[in-house]
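Enquirer: Got a sequence here, can you model it:
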Amino acid sequence: MSFEHASVTKGLMMACALTSIFSGVFDVKHYLHLQFVPHLSRHYQYWRLLTHTLAFSNSSDLLLAELLLYGVAVHIERQFGSVKFASFVVISALLSTVLEFIVLMLLHRVGVNHITPGPFAVIFSILYQWFRLIPSAYRFRIFGIHLSNKSFTYVLASQLALGHIPGSLASSCIGVLVGYIYRSEVINIKTWRVSPTVIRLSSRFLLPLIGSTRPPRRLNRARPERSHSTTESINEEIITTAPSSLQRSEFAAGDGTDGSSVVREWVNELTGRTDDAVSRIRTPSETEITQLVSMFPDTPQDVIIATLQRSPNVENAVEVLLTSSR
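Expert: Numbers count the residues shown, from 1 in each chain. Next up is the predicted model:
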């Protein structure tokens with residue numbers, strides 16, 4: 001699978017990786033932490049509602065998120081189209097931020113006081129669309145439990161959701177709720193699209209940074225490509241099941257000592273094949289015909305003449321007749 005028709009997904013994956021790496025290199029991870037008490041309730045640092053979704057706090061969360069985005073978001077972007085998918089990501093990020101603030105405000109007294117850094121809600125919102133839109137390719141059973149090929153993706157998602165309970169689980173559930181709201185049209189948000197100006201600027205400045213999204217070129221040749229070296233091309237051995245021209249000439253001339261050469265000659269005579277080796281028919285002399293008739297009295301004369309015509313000499317014709325008489 002490639003990133004063909006999935007430039008937004010590739011950009012999202014690159015952004016998550018770069019921001020997570022830079023936050024660790026420059027030691028700014030403490031700005032990604034979000035708690036209702038004291039960050040929001042006492043210090044009024046509401047900007048943390050936006051910054052906590054920019055990067056992951058550790059490499060294991062980043063790895064799981066990248067695997068999920070590659071296996072899930074590519075299919076959804078191809079279903080939606082890049083413009084609709086980008087609009088969906090923006091809506092999911094904004095709506096999940098609002099819902100996370102509400103959840104922290106309502107549940108901070110019962111233990112849900114912080115939200116784990118990272119775009120958990122966006123990823124699980126995309127996962128919900130994948131659950132609804134993409135069918136399973138095959139199903140199987142393990143110890144009587146019915147599973148499908150999508151079960152492996154759900155295992156990765158559960159590891160990401162249960163990694164930092166309760167913050168990661170709360171953010172994951174909010175993402176699923178956002179995906180449901182977008183899908184069910186409870187509020188009319190499916191028709192909103194990113195403005196054309198943003199699309200033009202992104203295509204001009206951001207798309208070159210993402211790089212090519214074309215799939216690798218697949219050759220339709222069964223054999224490997226020839227080397228440009230003259231020596232290698234001369235010494236290259238071509239494997240084929242067809243006999244070589246020298247072998248065909250030997251069989252047609254009757255040089256073989258087995259019965260296959262005679263059978264091949266008779267087939268050529270019956271079918272009227274005019275190969276180069278077969279078409280060179282010589283005219284035998286009366287002495288040669290008389291000699292072979294005396295040697296093979298039980299063989300018809302026309303067979304002897306035909307054998308002499310296709311043999312370079314009398315000795316070869318004698319060998320052919322002896323082989324056919326066995």
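Enquirer: contacts and neighbour counts: CA atoms only from here.
Expert: Noted.
Enquirer: what are the phi and psi angles of Gln45?
Expert: phi -90, psi 70 (degrees, to the nearest 10).
Enquirer: pLDDT on the helix or strand hosting Leu156, on average?
Expert: Here Leu156, judged by DSSP states H and E, is contained in helix 151-161. Average pLDDT, helix 151-161: 96.
Enquirer: residues of that helix that come out buried?
Expert: Neighbour counts over helix 151-161 (16 or more other CA atoms under 10 Å) mark 157, 160-161 as buried.
Enquirer: what comes into contact with that helix?
Expert: By CA atoms under 8 Å, 6 or more residues apart in numbering, the residues outside helix 151-161 that reach it are 61, 64-65, 68, 71, 120, 124, 168-169, 172.
Enquirer: 10 Å - rerun?
Expert: Contacts to helix 151-161, defined as CA atoms under 10 Å, 6 or more residues apart in numbering, come from residues 60-65, 67-68, 71-72, 116, 120-121, 123-124, 127, 131, 136, 139, 163, 167-173.
Enquirer: how much distance is there from it to the middle of the chain?
Expert: 22 Å (CA atoms, centre = their mean, to the nearest Å).
Enquirer: next helix or strand past that helix?
Expert: helix 167-184.
Enquirer: ok, then the element right after that following helix?
Expert: helix 196-201.
Enquirer: Tell me the helices and strands packed up against that following helix.
Expert: Helices and strands touching helix 196-201, by 3 or more CA pairs under 10 Å, 6 or more residues apart in numbering; DSSP states H and E, are helix 82-107.
Enquirer: residues contacting the nearest residue to Phe56 once chain neighbours are set aside?
Expert: Counting by CA to CA, 6 or more residues apart in numbering, Phe56 lies nearest to Gly118, which is 4.4 Å off, once chain neighbours are set aside. Shown in contact with Gly118 (CA under 10 Å, 6+ apart): 16, 19-20, 32-33, 51-58, 61-62, 65, 168, 171.
Enquirer: Show the buried residues in these.
Expert: The buried subset of the contacts of Gly118 - by 16+ other CA under 10 Å - is 16, 20, 32-33, 51-57, 61-62, 65, 168, 171.
Enquirer: Among those residues, which one sits closest to Glu319?
Expert: Using CA to CA, Ala65 is the member of the buried ones among the contacts of Gly118 that lies nearest Glu319, at 78.8 Å.
Enquirer: Go ahead and list the helix or strand containing the closest one.
Expert: helix 59-68.
Enquirer: relative to helix 151-161, how tilted is that helix?
Expert: 150 degrees (axes from the mean of the first three to the mean of the last three CA atoms, to 10 degrees).
Enquirer: Report the distance from the next helix or strand after helix 59-68 to the chain centre.
Expert: Heading C-terminal from helix 59-68, the first helix or strand you meet, by DSSP H and E, is helix 74-80. Chain-centre distance of helix 74-80: 16 Å, with CA atoms, centre = their mean.
Enquirer: and helix 74-80, what does it pack onto?
Expert: helix 7-25, helix 82-107, helix 120-133.
Enquirer: Quick check: next helix or strand after the last one?
Expert: Put plainly, it is helix 120-133. strand 139-142.
Enquirer: List the buried residues in the following helix or strand past that next one.
Expert: Next helix or strand after strand 139-142 toward the C-terminus (DSSP H and E): strand 145-148. For strand 145-148, the buried set under the neighbour-count rule, 16+ other CA under 10 Å, is empty.
Enquirer: Only alpha carbons, please: show stretch 2-21 as CSV.
Expert: C-alpha atoms of stretch 2-21 as CSV (Å, rounded to 0.1, in the frame of the first residue of the first chain):
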residue,chain,number,x,y,z
SER,A,2,1.2,3.5,-0.8
PHE,A,3,0.2,7.1,-0.1
GLU,A,4,-1.4,7.5,-3.5
HIS,A,5,-4.4,9.9,-3.2
ALA,A,6,-3.5,10.2,0.5
SER,A,7,-1.3,13.3,0.7
VAL,A,8,-3.1,14.6,3.8
THR,A,9,-2.5,11.4,5.7
LYS,A,10,1.2,11.5,4.8
GLY,A,11,1.4,15.1,6.0
LEU,A,12,-0.4,14.2,9.2
MET,A,13,1.9,11.3,9.9
MET,A,14,5.0,13.5,9.2
ALA,A,15,3.7,16.3,11.4
CYS,A,16,3.0,13.9,14.3
ALA,A,17,6.5,12.4,14.0
LEU,A,18,8.3,15.8,13.7
THR,A,19,6.5,17.5,16.5
SER,A,20,7.0,14.6,18.8
ILE,A,21,10.7,14.4,18.1
